[in-house]
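Peer 1: take a look and give me a structure for this.
(2 chains, ligands or ions: 2)
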Amino acid sequence: MTHAKEKKHGSDEPREEKAVIIRTRNLRKTYRMGEEEVHALTGVNVEIYRGEFLCVMGPSGSGKSTFFNMIGGLDAPTSGRVFIDEVDVAQLSASELAFLRCQKIGYIFQSYNLVQYMTALENVTVPMAFAGVNDDDAHDRGMELLDLVALKDRWFHKPIEMSGGQQQRTAIARSMANAPTLLLCDEPTGNLDFKTGDEIHHILQRLNKERGVTIICATHDHRLISMADRIVWVRDGGIERIANRKDITVETGSVD
Amino acid sequence: MSAFEIKSQVKLPLGKCMEVVLSGIQFRLFRASITMAIIALAVAFLMTIMGDSMIVREVAQSVESLIQPRQNNNFWVRRLSRPIDSADLTQVLFRARPDDARWNEYKQWGQASDEDLAALQALAADEARYLRFFAELKESQLRALTGRVRGRDIFRLLADEDALNAFMETLPNIDTAIPSTRQEFEDFLRRWEATRPVRARIVAGHEQALDGVRRLLDGQTTQEFLATLDEDKARDLQRLGYRMNPDDVRTLRVWAQRQIKTRHMEQSLQDPAVRQRFANQFGVQDLNRVTPDLFFGRMATRNGPDWLISALSETGRPTTLSADEIRETAEAWLNDRRLARLESSVQAMDITGGFMGFSNRVLWLIGVSLIVCVVGIANAMLMSVTERFKEIATMKCLGATDGFIMTNFIMESGIQGLSGGLIGGLLGLVLGIARASLGYGWMAFANLPILDLLLVFVFSVAAGIALSVLAAIYPALAAARLAPLEAMRVE
Ligand SMILES: Nc1ncnc2c1ncn2[C@@H]1O[C@H](COP(=O)(O)OP(=O)(O)O)[C@@H](O)[C@H]1O
Ligand SMILES: [Mg+2]
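Peer 2: Ligands and ions are numbered 1, 2, ... in the order given. Sure, this is the predicted structure:
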């Protein structure tokens, strides 16, 4: 509880004293496909602040997902560094990486990625089991989280019995299982219709505002820009532009 | 102050792993049952082969022990009625062990020492080798080499140096060579010659004993004598140098009695009048078709014996055998007949030696089935991993360690191996018994080596589990090493 309050407090802090939660230095990723080399990231330097809601925009194939994999500790960069809270991810052992993914970062995917043979509740409690939480506590916390995403009375449904929006809400509940500091969302509404996408956006916004969770969200969806604190534009594996929302509201308004 | 304190990930308890695995198997029941079916088939094959060969081996042993009384009877009849010849001598010595019954008999008859007999015994293998060599020669070659002398007498002939020289010179001319060096052959001949007196003494000693036997028989046939064998008579024989095991007294007597009854019944059928009656009674048109098989077959039925008794008294030669005796004798005769048939088929098989008593042929089959098993299971597991790339990657994003993923797959394959193995083992057991019973009928069921079969069953199931786990290790490693970023990919 105090933990959450502390973070909430953190997000309210003036921007001048922003604490950096993720910092990358000259991040490069090159995929080799036979003869051909694909430069997915071409030297990214970025700082992401604790408690902010960051939107990553960019056309398909621009390197958003690759960027996520790097900063989420899901893949190793070809060169360059990622610091999460000043910890060099490259220095972590496999077990520490698992701990990081389990307890410190929540992931939300475009295709939900729920475990098909588990109920909503079981899906939500998987990361808790990995964290060593006992079954009873996991059950209670799981139900709380399902309540948060308004799926409490559907806890026994399997993914196949749920709509896309419900699955994504379950996935959000799951990402929050161990109360992570950071949520990485890779096009969370990419597979959803307009209205359902809105629901997801609002949940993310609530998590950011009420719980102080740092949210990094890749999206095509311009509606999300209005919720973000900052927006990063990515193109061809590099950062094209970074802007505060305040500075661009006029701009998007004119575009629409 | 840092909100990040990075520790090592905790290990998931095995019970939780098992829960995940079981619900996974339940979800993918169809695929899981195909994998299990593959394992079951392989294990069933393994079990069938091993079970069948174990039963057959048991049958063979049982046949051997069942024909043992007959062989023992033959052996004693021979020894009590004719002199020992060189072949008997070698054969008996080949199997005798110092201080057993046969050994002591020879010691007494030949007034020989243990060393004498040991020397004789040591010659047996070489003797067989050289005899086989001579036996395989063509008649013309043999004539050129030894003139008219044949068999063991050749050894005596060649003991003479000149004869040996001539022999050795002739060998190349007829395009052949002895199965050893000349040195060894000469050595053998010398030892053969040196042991000749002992051999002769044994034969002579036994012939003396035979005189005593003739007095004991007092006009009876040997079989009749054995049919009345008792402790006293065994002691009389012992005085003549024969050593008889206490068990033999009874079995020899029983067998001899049966032989006499059998002979009696066979002889009754030789009477044309009885034969004709038999043909009439049992509707056989052709008198030649009245075979012993048919005759004893009828005598083993309920009414057969009564018919024989009345037929024999009608033809003026009433029998002393009761109906029950006739039936029993007929049954024993038929049984013996069946055994003789089994004996030849059992001997045709290679049932001795090899790893764990399995012949090379069977071992080969087992090996092949194991390979089929591994390939099948490895393929199934590999498919299962590739199908679940996304699930595994997601699990890793949620904090699964490589160890958990490995444990997961190993457990899954272990469970599949166990259930497939149990099903396959049972199936194989049934098939193995069925296969053995096709060849050996009731003998297979009468000789089920329950304990051995159980052991083989456990082995097969264990092999199923071990192979499944083994085959899963590579796919499991591949799965564990899978980068979690796979989960990000949108299909
Ligand atoms: N595993 C991979 N192997 C090869 N090329 C890849 C791989 N992942 C991404 N790429 C390439 O890297 C570039 C960036 O991809 P990605 O990060 O997925 O972009 P986005 O998420 O913005 O659509 C693309 O050209 C893509 O084809
Ligand atoms: Mg992407």
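Peer 1: how far away is B:Gln259 from chain A?
Peer 2: Counting by C-beta to the nearest C-beta, to the nearest Å, the gap from B:Gln259 to chain A is 74 Å. In short, each C-beta sits where N, CA and C put it, glycine included.
Peer 1: which non-adjacent residue is nearest that residue?
Peer 2: The spatially closest residue to B:Gln259, leaving aside those adjacent along the chain, is B:Gln223, at 5.6 Å (C-beta to C-beta, 6 or more residues apart in numbering or on different chains).
Peer 1: what count of nearby residues applies to the nearest residue to A:Leu148 once chain neighbours are set aside?
Peer 2: The shortest distance from A:Leu148 to any residue other than its chain neighbours is 6.5 Å, reached at A:Ala173 (C-beta to C-beta, 6+ apart). Neighbours of A:Ala173 under the rule other C-beta atoms under 10 Å in any protein chain shown: 29.
Peer 1: measure A:Ala173 to A:Gln205 for me?
Peer 2: In this structure, A:Ala173 and A:Gln205 are separated by 16 Å, where distance is defined by C-beta to C-beta, to the nearest Å.
Peer 1: same deal with B:Phe445?
Peer 2: According to C-beta to C-beta, B:Phe445 and A:Gln205 sit 78 Å apart.
Peer 1: ok, these two, which is more surrounded?
Peer 2: Set side by side, B:Phe445 and A:Gln205 give different neighbour counts by other C-beta under 10 Å, the larger being at A:Gln205 (16 against 13).
Peer 1: ok, then the element right after the longest helix seen in chain A?
Peer 2: Scanning chain A for the helix with the most residues, using DSSP state H, yields helix A:194-211. Past helix A:194-211, further along toward the C-terminus, the next helix or strand under DSSP states H and E is strand A:214-219.
Peer 1: give me the helices and strands touching that following strand, please.
Peer 2: When contacts are defined as 3 or more C-beta pairs under 8 Å, 6 or more residues apart in numbering or on different chains; DSSP states H and E, strand A:214-219 packs onto strand A:36-49, strand A:53-57, helix A:64-71, strand A:182-186, helix A:194-211.
Peer 1: among these, which comes closest to A:Gln110?
Peer 2: Between A:Gln110 and these, the tightest spacing by C-beta to C-beta is seen for strand A:182-186, at 5.8 Å.
Peer 1: is that closest one anywhere near ligand 1?
Peer 2: No: counting by C-beta under 6 Å from any ligand atom, ligand 1 is not contacted by strand A:182-186; separation bottoms out at 7.0 Å.
Peer 1: any residue of that strand up close to chain B?
Peer 2: Yes: under the criterion of C-beta under 8 Å from any C-beta of the partner chain, chain B is reached by strand A:182-186 at A:Asp186.
Peer 1: so for stretch B:32-47, what gets flagged as buried?
Peer 2: Of the residues in stretch B:32-47, those scored as buried under the neighbour-count criterion (16 or more other C-beta atoms under 10 Å in any protein chain shown) are B:32, B:35-47.
Peer 1: return the subset of the residues you listed lying in strands.
Peer 2: When DSSP state E is applied, the buried residues of stretch B:32-47 are split such that none fall in strands.
Peer 1: and the residues you listed as TSV, adding pLDDT and distance to chain A?
Peer 2: Compiled in TSV, these are given as follows (pLDDT from 0 to 100; distance: C-beta to the nearest C-beta, whole Å):
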residue	pLDDT	distance to chain A
B:Ala32	87	11
B:Thr35	86	16
B:Met36	89	18
B:Ala37	90	21
B:Ile38	86	22
B:Ile39	87	22
B:Ala40	91	23
B:Leu41	88	27
B:Ala42	86	27
B:Val43	89	27
B:Ala44	91	29
B:Phe45	87	32
B:Leu46	86	32
B:Met47	89	32
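Peer 1: what's near enough to touch A:Ile105?
Peer 2: A:72-73, A:180-184 (C-beta atoms under 8 Å, 6 or more residues apart in numbering or on different chains).
Peer 1: most neighbours, which of those?
Peer 2: Each of those was scored for neighbours by other C-beta under 10 Å, and A:Leu184 scores highest at 28 neighbours.
Peer 1: is that residue in a bridge, and if so with what?
Peer 2: Applying DSSP bridges to A:Leu184 yields these beta-bridge partners: A:Tyr107, A:Ile216.
Peer 1: picking that back up, residue contacts, the residue nearest to B:Gln259?
Peer 2: Applying C-beta under 8 Å, 6+ apart, we find B:Gln223 in contact with B:77, B:256, B:259-260, B:263.
Peer 1: repeat for A:Leu146
Peer 2: A:120-121, A:124, A:152, A:154-155, A:170, A:173.
Peer 1: again, only this time at 10 Å
Peer 2: Residues counted as contacts of A:Leu146 (C-beta atoms under 10 Å, 6 or more residues apart in numbering or on different chains) are A:120-121, A:123-124, A:152-155, A:169-170, A:173-174.
Peer 1: and those, which is closest to B:Asn165?
Peer 2: After measuring these against B:Asn165 - C-beta to C-beta - the closest member comes out as A:Asn123, at 98.2 Å.
Peer 1: in space, what's closest to that closest one - neighbours in sequence excluded?
Peer 2: With sequence-adjacent residues excluded and distances taken as C-beta to C-beta, 6+ apart, A:Asn123 is closest to A:Leu114, at 5.0 Å.
Peer 1: burial of the one you found, as a residue count?
Peer 2: Neighbours of A:Leu114 under the rule other C-beta under 10 Å: 25.
Peer 1: and it, its phi and psi?
Peer 2: For A:Leu114, the backbone dihedrals are phi -80, psi 150 (criterion: degrees, to the nearest 10).
Peer 1: surely it meets A:Ala171?
Peer 2: Yes: the pair A:Leu114 / A:Ala171 is scored as a contact, 6.1 Å apart, by C-beta atoms under 10 Å.
Peer 1: residues shared between the contacts of the two?
Peer 2: Here A:Leu114 and A:Ala171 share the contacting residues A:120, A:123-124, A:159, B:394, scored by C-beta under 10 Å, 6+ apart.
Peer 1: widest-spaced pair of those residues?
Peer 2: A:Ala120 and B:Thr394 (14.9 Å).
Peer 1: contact partners for B:Ala87?
Peer 2: B:Ala87 is in contact with B:127, B:131, B:151-152, counting by C-beta under 10 Å, 6+ apart.
Peer 1: check which helix or strand it maps to.
Peer 2: In this structure, B:Ala87 sits in helix B:86-95 according to DSSP H and E.
Peer 1: give the buried residues for that helix.
Peer 2: Along helix B:86-95, the positions that meet the burial threshold by neighbour count (16+ other C-beta under 10 Å) are B:88-90, B:92-93.
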